[in-house]
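Novice: just need the structure, nothing else, for what follows:
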Amino acid sequence: MPYSLVNSIVLNSTYSVGFAIDQMKSEADASKIYGNMPRDEIIRVIRQESTLPDSAFYNDDLPTLHHQKATYRGKPKNLVIILEESLGARFVGSLGGLPLTPNLDALAEKGWMFDRLYATGTRSVRGIEAVVSGFTPTPARSVVKLGKSQHDFFTIADLLHRRGYHNQFIYGGESHFDNMKSFFLGNGFNQIIDQNDYENPSFVGSWGVSDEDLLDRAHAEFMRLHKNGQPFFSLVFSSSNHDPFEFPDNRIELYEQPKQTRNNAAKYADYAIGRFFEKAQKSPYWKDTIFLVVADHDSRVEGASLVPISHFRIPGLILGEGIVPRRNPRIVSQMDMPPTLLSLMGVDNENPMPGRDMTAQSEGYTGRAMMQYNVNLAYMEGDDVAILQPQKSSQGFTYDFKSRELTSGSLKKGLPEKALATALWGSFAYQDQLFSLPAK
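Specialist: Predicted coordinates:
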């Protein structure tokens with residue numbers, strides 16, 4: 001059992017260890033954990049929290065399905081999401097972390113950098129769930145691993161497939177890990193590239209080929225698809241920044257000794273990012289593609305806090321021709337990335353995602369994020385936080401971004417309802433198969 005789960009159980013002594021483990025492994029019903037709310041009220045709150053007008057929603061059978069008009073008006077672009085393993089904000093120099101990411105820091109001057117982007121969870125599949133499906137976190141396992149979501153579950157790949165895009169997942173390891181291959185092939189992806197598809201890789205570690213090999217293959221794929229005139233979406237998932245932190249020699253000046261440490265691996269991951277973008281910016285596909293570099297989660301999120309919010313903060317950087325360089329200081333959730341990317345791509349669409357298109361938010365927008373930490377869920381809006389725990393009433397806190405401290409406080413009006421609706425929506429949307437596109 002993970003140390004972090006033990007800590008959470010100690011803080012929530014009203015339920016048993018067995019109950020907690022069972023709920024984490026099953027297709028958990030959040031209402032049995034956090035309490036009930038009428039279904040119509042859940043839908044009302046979720047729709048309201050999308051910041052879209054009521055007129056955007058038009059399908060009672062798929063209650064969050066809505067029209068989204070893209071901000072960018074032009075020929076729809078390709079999309080590349082580079083999902084970085086375990087690269088929390090604490091490893092990113094431009095976000096106030098350790099000086100391990102000179103390449104990402106330099107790229108941040110050329111793109112749209114999110115200063116307060118928060119992951120929805122602590123596992124890779126939860127990050128995949130957020131950036132590919134825009135799905136809310138739940139106390140159950142990620143939908144990547146659950147039975148009812150192995151087909152006809154919304155992903156941006158399915159949406160883009162219907163528009164003639166070629167959709168690929170590029171990974172350096174074994175794609176069946178965490179059930180990724182099944183989920184992707186059942187939900188809009190055409191092609192899987194994994195460890196078995198690399199010829200003479202320069203380095204192979206415990207988790208597969210190095211990030212260099214991964215991104216070299218990605219670059220070759222993008223060149224091929226562009227040459228063929230094929231619009232594409234590619235999810236590229238790195239793995240070098242993962243325990244046991246294996247990477248090629250003589251690539252970076254080590255941050256510390258010995259070589260195989262978390263900090264050195266993060267610096268190597270950044271080296272590979274810089275190397276890729278040096279080629280990408282000179283390539284013919286650059287002008288036709290939107291890129292997102294984002295982490296799946298922070299490294300080793302644990303501790304005695306109900307929800308260690310500072311460890312959910314991750315980097316998110318959007319790059320591409322026409323992207324205005326800027327820093328975004330507002331709170332952003334990982335699940336806001338897919339609707340934002342579709343808007344920047346110029347893809348008018350219909351989707352069921354409750355995330356927010358960040359190109360369409362007003363200047364006064366402060367943002368919100370939700371974070372699942374084992375059996376606890378935090379909903380943060382500005383500095384106010386509501387935390388849901390099993391078999392307990394929600395508790396109010398204030399989060400100080402500078403000190404990274406979470407202190408007990410009063411519950412902001414309406415925040416407990418938003419937190420509970422968010423937690424319950426994911427469970428019943430999955431169970432009742434409401435998170436999909438209409439049949440073709």
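
Novice: alpha carbons only for contacts and neighbour counts from here, please
Specialist: Will do.

Novice: show me what contacts the closest residue to K69 other than its chain neighbours?
Specialist: With sequence-adjacent residues excluded and distances taken as CA to CA, 6 or more residues apart in numbering, K69 is closest to D348, at 4.7 Å. Counting by CA atoms under 8 Å, 6 or more residues apart in numbering, D348 touches 67-70, 342.

Novice: in helices only, show me those.
Specialist: L342 (DSSP state H).

Novice: doesn't F114 fall inside a strand?
Specialist: Yes. According to DSSP: H, G, I helix; E, B strand; the rest coil, F114 belongs to a strand.

Novice: give me the neighbour count for it.
Specialist: Using other CA atoms under 10 Å, F114 is surrounded by 23 other residues.

Novice: Provide a list of residues in contact with it.
Specialist: F114 touches 315-317, 327-330, 332, counting by CA under 8 Å, 6+ apart.

Novice: which residues of the stretch 101-250 of the chain fall in helices?
Specialist: Ranges of helices in the stretch 101-250 of the chain, per DSSP state H, counting those that start in this stretch, are 102-108, 124-128, 156-161, 180-186, 211-227.

Novice: any chance of the ones you listed in CSV, plus distance to N78 and mean pLDDT?
Specialist: Below are the helices of the stretch 101-250 of the chain laid out as CSV (distance: least, CA to CA, whole Å; pLDDT from 0 to 100):
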stretch, distance to N78, mean pLDDT
helix 102-108, 19, 98
helix 124-128, 19, 97
helix 156-161, 10, 98
helix 180-186, 18, 98
helix 211-227, 9, 98
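
Novice: closest to A269 out of the ones you listed?
Specialist: Comparison of these against A269 by CA to CA identifies helix 211-227 as nearest, at 6.6 Å.

Novice: can you give me the strands for the stretch 301-440 of the chain?
Specialist: 313-314, 316-319, 326-333, 349-351, 368-373, 376-381, 384-388, 395-400, 405-408 (DSSP state E, counting those that start in this stretch).

Novice: for the last one, buried residues please.
Specialist: Residues L406 are the ones in strand 405-408 that count as buried (16 or more other CA atoms under 10 Å).

Novice: neighbouring strands of it in the sheet, and parallel or not?
Specialist: Strand 405-408 sits in its sheet next to strand 395-400 (antiparallel), going by DSSP bridges.

Novice: buried set for the partner strand?
Specialist: Residues 395-399 are the ones in strand 395-400 that count as buried (16+ other CA under 10 Å).

Novice: and that strand, average pLDDT?
Specialist: Computed over strand 395-400, the mean pLDDT rounds to 96.

Novice: and what of stretch 86-100?
Specialist: Stretch 86-100 shows a mean pLDDT of 98.

Novice: to K110, which of the strands of the stretch 301-440 of the chain lies closest?
Specialist: Of all those, strand 316-319 sits nearest to K110, with 7.1 Å by CA to CA.

Novice: who are the packing partners of the closest one?
Specialist: Applying 3 or more CA pairs under 8 Å, 6 or more residues apart in numbering; DSSP states H and E, one finds that strand 316-319 makes contact with strand 112-118, strand 289-295.

Novice: before we move on, the earlier item: just say which of the strands of the stretch 301-440 of the chain is most tucked in.
Specialist: By mean neighbour count, with neighbours taken as mean count of other CA atoms under 10 Å, strand 313-314 ranks first of the strands of the stretch 301-440 of the chain at a mean of 28.

Novice: that one: how far from the chain's middle?
Specialist: Centroid displacement of strand 313-314 relative to its chain, using CA atoms, centre = their mean, to the nearest Å, is 10 Å.

Novice: parallel or antiparallel, which strands does that strand pair with?
Specialist: strand 112-118 (antiparallel).

Novice: would you put the C-alpha positions of the strand it pairs with in PDB?
Specialist: Provided in PDB are the C-alpha atoms of strand 112-118 (Å, rounded to 0.1, in the frame of the first residue of the first chain):
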ATOM      1  CA  TRP A 112       1.700  30.700 -23.500                       C
ATOM      2  CA  MET A 113       3.000  29.500 -20.100                       C
ATOM      3  CA  PHE A 114       0.500  28.700 -17.300                       C
ATOM      4  CA  ASP A 115       2.000  29.700 -13.900                       C
ATOM      5  CA  ARG A 116      -0.700  28.000 -11.800                       C
ATOM      6  CA  LEU A 117      -1.700  24.900 -13.700                       C
ATOM      7  CA  TYR A 118      -2.800  22.000 -11.400                       C
END
